[in-house]
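S.K.: no FASTA, just this:
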């Protein structure tokens, strides 16, 4: 045994008896024989689905014999053909493809590993397995040889007498899968899903696990369109090539309309009709053989339908595009946008981008090291997992949000559709049994992942066409009394810059007046409230100037509470306040107005406007003190990439000295007193 059984192994073995396999064995045999991983797992699942070492050893002997006897290595083609001639038949594991021989009005099959292109096959076998008419599928094939036919002119002596597709066909697999899920916690189940696709969860960060889950969504959600771009060597295409017979991988080069959608000459349906997922690998090199190819795909990605000739055809295959970012994310955002590696006809087409439901951040996923990232533990047999995933496509779970989650006003109709599909997909992955309760924490996590992955698409649209896609501040409210929460994409965040997203209630960017040579400094003020009374400062030791700023802000809140917070009594609330200095100045001098705004925002549960910096000092009587260095403060706000600077109106004349080119880089707003500042700084 490569790895000792852990708690997750034992739990899986107790509820998935007969459906698990050791993943290190899969890798061992997948490397030895010329077949995909899921073919090896199909056999291992049949003979080695046990944690008993003796049973595994016996099963391995059978699996090894079958792989040795039935897979054809390059150079052994004639040997296998000769065996078929001598014995009258052989059994092999191979891809089966078929085509119509119009001259003879029959179907003929192709077996690539034997370099046979004209194998006889019964019409009914083709009708029962239409995928062999596109790019084929792996199957256990019984191949017969007829010497009499061989002697005929143009005779075809080889015939497929029977085949068994390498995929699960039991009718109750989804019941087994859903019932077993009850025994796992959410975090355990995510880890077990990762092990089931061959990964060791302990080697992955939480964000890397999110990427892995996003990759899985197209398998459980119909017509789901996903993009993932990131560094090389992160296994972006592995899931779509090795894990499921319901996925098809197109590697670079030309994609034909006939192959993807429908062949007008024969009427044969294409890949999107035959597979659950069609993945374009190395997407930057993909092009269509016809000018309207991208438009056909764009229409299909939007509606799940395409028209060829007079017929309107519906299909359910999802479109996945994976590729490489040749520079780091920050550099890519400086020189272009994060969808630039797409082919030229797609990369700047905002209508095409709109069809993408999620953008998985491939840069959050590590380069795979076999010693660290691939698991030696037990996971579900791939054909069982892929069959369950395929059947989950028949349901829709977006109803989990009904009455619980309300999406913000920045989302368009297409944004809402994309988020709904991602939520539905993640819910099916994490809670395949619809009877399982979903906690608020789990639901919120799912919604945040969905909003972030769609907002990443929206941000690229904004870079291409800023005037049309100006508002990308995606938000949600959880529960009837919940507070609006905003979801950003981490790659847009910078500790040196003020983000345009609204801040959570109780948080404000403030500028100190800056004593002496230190000059003004940027601070993030954060306030939380609970039961009790008074204000508790969390910074220890507390700088005296900051303590004074807090005292002034607190007294102004008590004195003018009716105007600021209405019927709420701030004296019955305990506030906790913390300042985070971002520059050289750490004194916290002259932060009275930002602190008053943070206290009111925390009590009212209202977010602070995005991209805004507040400057201003108060005295105990409520008057606004004169700012001695308004131009320096404006220059600091511009340097921090703020969109708006909120200042006392008394500073207006000083700003006449602000250079003209700086006026164009920021919007400066003025307030007359503390109450005016609060309502101008907080969102409606």
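M.R.: Happy to help now that I have it. Model, not experiment: these values are computed from the prediction.

S.K.: Which residue is the nearest non-sequential neighbour of residue 10?
M.R.: residue 51 (8.0 Å; CB to CB, 6 or more residues apart in numbering). C-beta: built from backbone N, CA, C; applies to glycine.

S.K.: what comes up buried for the host helix or strand of residue 302?
M.R.: Per DSSP states H and E: residue 302 is located in helix 293-303. Going by neighbour count (16 or more other CB atoms under 10 Å), the buried part of helix 293-303 is 293-298, 300-302.

S.K.: Please produce CSV containing these, extended by distance to residue 571.
M.R.: Output for the buried residues of helix 293-303, formatted as CSV (distance: CB to CB, whole Å):
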residue, distance to residue 571
293, 68
294, 64
295, 65
296, 66
297, 63
298, 60
300, 62
301, 57
302, 56
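
S.K.: now, the most widely separated pair of the residues you listed?
M.R.: 293 and 302 (15.2 Å; CB to CB).

S.K.: Show the low-confidence segments of this structure, by residue range.
M.R.: Scanning the chain for pLDDT under 70 picks out 1-3, 167-169, 309, 334, 467, 493-497, 515-518.

S.K.: could you redo the last one with a cut-off of 50?
M.R.: 1 (pLDDT under 50).

S.K.: Can you show me the strands along the stretch 51-200 of the chain?
M.R.: In the stretch 51-200 of the chain, the strands defined using DSSP state E, counting those that start in this stretch lie at 89-101, 106-111, 116-121, 137-145, 158-165.

S.K.: Dump those strands to TSV, plus distance to residue 285.
M.R.: Below are these laid out as TSV (distance: least, CB to CB, whole Å):
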stretch	distance to residue 285
strand 89-101	24
strand 106-111	26
strand 116-121	28
strand 137-145	25
strand 158-165	31
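
S.K.: Serialize these to JSON lines and add fields for distance to residue 562 and mean neighbour count.
M.R.: Listed next are those as JSON lines, based on distance: least, CB to CB, whole Å; neighbours: other CB atoms under 10 Å:
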{"stretch": "strand 89-101", "distance to residue 562": "77", "mean neighbour count": "19"}
{"stretch": "strand 106-111", "distance to residue 562": "83", "mean neighbour count": "20"}
{"stretch": "strand 116-121", "distance to residue 562": "85", "mean neighbour count": "18"}
{"stretch": "strand 137-145", "distance to residue 562": "73", "mean neighbour count": "20"}
{"stretch": "strand 158-165", "distance to residue 562": "74", "mean neighbour count": "18"}
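
S.K.: Please report the distance of the closest residue to residue 123 other than its chain neighbours from residue 130.
M.R.: Spatial nearest neighbour of residue 123, chain neighbours left out: residue 107 (6.1 Å); criterion: CB to CB, 6+ apart. Using CB to CB, to the nearest Å, residue 107 is found at 11 Å from residue 130.

S.K.: wait, residue 159 sits on residue 144?
M.R.: Yes. At 5.0 Å, residue 159 and residue 144 qualify as touching, with contact defined as CB atoms under 8 Å.

S.K.: The stretch 401-550 of the chain: strands as residue ranges?
M.R.: Here the stretch 401-550 of the chain has its strands, by DSSP E, counting those that start in this stretch, at 405-407, 475-478, 485-486, 507-511, 522-531, 534-537.

S.K.: Which strands and helices lie in contact with the top helix by length along the chain?
M.R.: The single longest helix within the chain, with elements called by DSSP state H, is helix 440-464. Helix 440-464 sits against helix 206-220, helix 350-354, strand 358-361, strand 405-407, helix 413-430, strand 475-478, with contacts defined as 3 or more CB pairs under 8 Å, 6 or more residues apart in numbering; DSSP states H and E.

S.K.: List the buried residues of it.
M.R.: For helix 440-464, burial by neighbour count (16+ other CB under 10 Å) applies to 442-464.

S.K.: returning to that earlier point: what's opposite the residue nearest to residue 123 in the beta bridge?
M.R.: When assigned by DSSP bridges, residue 107 has beta-bridge partners residue 100.

S.K.: how far away is it from residue 143?
M.R.: 15 Å.

S.K.: again with residue 593
M.R.: 83 Å.

S.K.: same check, this time on residue 115
M.R.: Using CB to CB, we find residue 115 at a distance of 13 Å from residue 143.

S.K.: pretty sure residue 536 is in contact with residue 575, am I right?
M.R.: Yes. Between residue 536 and residue 575 there is a contact at 7.0 Å, judged by CB under 8 Å.

S.K.: Those two: which has the busier surroundings?
M.R.: The neighbour count for residue 536 versus residue 575, taken as other CB atoms under 10 Å, is higher for residue 575 (25 against 13).

S.K.: Burial check on the closest residue to that one other than its chain neighbours, number of neighbours?
M.R.: With sequence-adjacent residues excluded and distances taken as CB to CB, 6+ apart, residue 575 is closest to residue 535, at 4.5 Å. When neighbours are counted by other CB under 10 Å, residue 535 registers 20.

S.K.: right, and residue 535 touches residue 554 too?
M.R.: Yes. Here residue 535 lies in contact with residue 554, judged by CB under 8 Å, at a distance of 4.9 Å.

S.K.: residues shared between the contacts of these two?
M.R.: Jointly contacting residue 535 and residue 554 under the rule CB atoms under 8 Å, 6 or more residues apart in numbering are 575, 599.

S.K.: got a list of what residue 48 touches?
M.R.: Residue 48 neighbours (CB under 8 Å, 6+ apart): 21-22, 25, 55-56, 59-60, 63.

S.K.: hmm, 7 Å instead?
M.R.: 21, 25, 56, 59-60, 63 (CB atoms under 7 Å, 6 or more residues apart in numbering).

S.K.: Against residue 464, how distant is the nearest residue to it once chain neighbours are set aside?
M.R.: Spatially, and ignoring its direct neighbours in sequence, residue 48 is nearest to residue 59 (3.7 Å; CB to CB, 6+ apart). According to CB to CB, residue 59 stands 55 Å off from residue 464.

S.K.: now residue 242
M.R.: 35 Å.

S.K.: Relative to residue 664, how far out is residue 382?
M.R.: Counting by CB to CB - residue 382 and residue 664 are separated by 58 Å.

S.K.: out of these two, which sits in the busier spot?
M.R.: Neighbour count, other CB under 10 Å: between residue 382 and residue 664, residue 382 has more, with 30 against 9.

S.K.: Wait, that one touches residue 39, no?
M.R.: No. Between residue 382 and residue 39 there is no contact under CB atoms under 7 Å: 9.0 Å.

S.K.: residue contacts, residue 210?
M.R.: With CB under 7 Å, 6+ apart, residue 210 has these contacts: residue 449.

S.K.: Return the distance of it relative to residue 289.
M.R.: Noted for residue 210: a distance of 36 Å to residue 289, by CB to CB.

S.K.: what's the closest non-adjacent residue to residue 176?
M.R.: Using CB to CB, 6+ apart and skipping the chain neighbours, the partner closest in space to residue 176 is residue 19 (7.1 Å).

S.K.: ok, now which ones touch the one you found?
M.R.: Residues in contact with residue 19, defined by CB under 7 Å, 6+ apart, are 49, 380-381, 384.

S.K.: go on, residue 30?
M.R.: 37, 40.

S.K.: And it, how far from residue 374?
M.R.: Distance from residue 30 to residue 374, by CB to CB: 11 Å.

S.K.: for residue 228, same thing?
M.R.: Applying CB to CB, the value for residue 228 to residue 374 is 19 Å.

S.K.: that older thread, columns distance to residue 280 on top of the strands of the stretch 401-550 of the chain, output as JSON lines?
M.R.: Output for the strands of the stretch 401-550 of the chain, formatted as JSON lines (distance: least, CB to CB, whole Å):
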{"stretch": "strand 405-407", "distance to residue 280": "30"}
{"stretch": "strand 475-478", "distance to residue 280": "31"}
{"stretch": "strand 485-486", "distance to residue 280": "33"}
{"stretch": "strand 507-511", "distance to residue 280": "42"}
{"stretch": "strand 522-531", "distance to residue 280": "42"}
{"stretch": "strand 534-537", "distance to residue 280": "55"}
